[in-house]
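Trainee: below: sequence and its predicted model.
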Amino acid sequence: MRATAGPRTLWGRAHDSRHCASRHTQVGEAVAKRQASEARHIGAAETDRLLVSVAAGSRDAFSRLYDVAAGPIYGMACRVLQDQGRAEEVAQEVMLEVWQSAPRYRPENGHAMTWMMTIAHHRAVDSVRTLQRSAERERTVSQQEAALAYDDVVETVESIGEREQVRSCLKELTAELRQPVMLAYYQGLTQTEIAAALSLPLGTVKSRLRRALTHLRHCLGDPP
């Protein structure tokens, strides 16, 4: 596949110029639930097929894949980086990498959305670490809070186990425990935003995430 300006052109067309903070303070319950539903259902079926088509060189499939994935990728980058410009750079880099690396994707190894969000998370974290080194300071409290829920989930599900085992362990969770995990993993939402999206007290969300992660670690064979 030729690494042309396809991703750059598409980014310019669909780019959302709102600031990171305002983007997520406007995420209401209905929107968050709809986005999480798209990540689970579209991502589990249509997104896999689209990424396979992208691997075959389909620009039309990439355009449609972009519409599905760019929002969650940009949103997660915003929450980790707390900087609109850097989040845009990371999102653009991720979509370019998706375009270039799609032939390496194997559906049997996991869903396309998980594959893309993992790339995005790694790039966002790398960007934070670069910032920390260059500024010689630790991440601010707001950055730590923004990345907390997503990082905890990702570190748990990626530290050990095959993707099939991860999916199996997620299915073992009750709906009330699985829901905040999915919002954190697929949308990059903070604990506060998950609480708002689900209309739950923050303490309840923290408790459910702790219980869910404890179960996942046990299921995946990682000692608590």
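Mentor: All right, it came through fine.
Trainee: break down the chain into its helices, ranges please.
Mentor: Secondary structure of the chain, counting by DSSP state H: helices at 6-14, 20-25, 29-37, 43-44, 46-55, 59-81, 84-101, 112-135, 141-159, 163-172, 175-187, 191-198, 202-219.
Trainee: ok, residue 88 touching residue 74?
Mentor: Yes - between residue 88 and residue 74 there is a contact under Cβ atoms under 8 Å: 7.2 Å. The way it works is simple: take the backbone N, C-alpha and C, and place the C-beta from them, glycine included.
Trainee: just the buried residues of stretch 80-89, please?
Mentor: Of the residues in stretch 80-89, 80-84, 86-88 count as buried by neighbour count, 16 or more other Cβ atoms under 10 Å.
Trainee: sorry, slip of the keys, the one I care about is stretch 118-125.
Mentor: 118-121, 123-125.
Trainee: returning to that earlier point: what is the nearest of the buried residues of stretch 80-89 to residue 188?
Mentor: Within those, the smallest distance to residue 188 is 7.0 Å, found for residue 80 (Cβ to Cβ).
Trainee: and the closest one, how far from residue 184?
Mentor: Note on residue 80: its distance to residue 184, by Cβ to Cβ, to the nearest Å, is 12 Å.
Trainee: cool, and residue 79?
Mentor: Distance of residue 79 to residue 184, computed by Cβ to Cβ: 10 Å.
Trainee: before we move on, what about residue 118?
Mentor: Note on residue 118: its distance to residue 184, by Cβ to Cβ, is 14 Å.
Trainee: any low-confidence regions in the chain?
Mentor: Flagging of the chain using pLDDT under 70 yields the residue ranges 1-44, 133-164, 186, 222-224.
Trainee: at 50 what do you get?
Mentor: The model of the chain has pLDDT under 50 over residues 1-18, 22-36, 43, 137-139, 141-142, 146, 159-161.
Trainee: contacting residues for residue 178?
Mentor: Residue 178 makes contacts with 170, 212, as judged by Cβ atoms under 8 Å, 6 or more residues apart in numbering.
Trainee: thanks again, I'm all set now.
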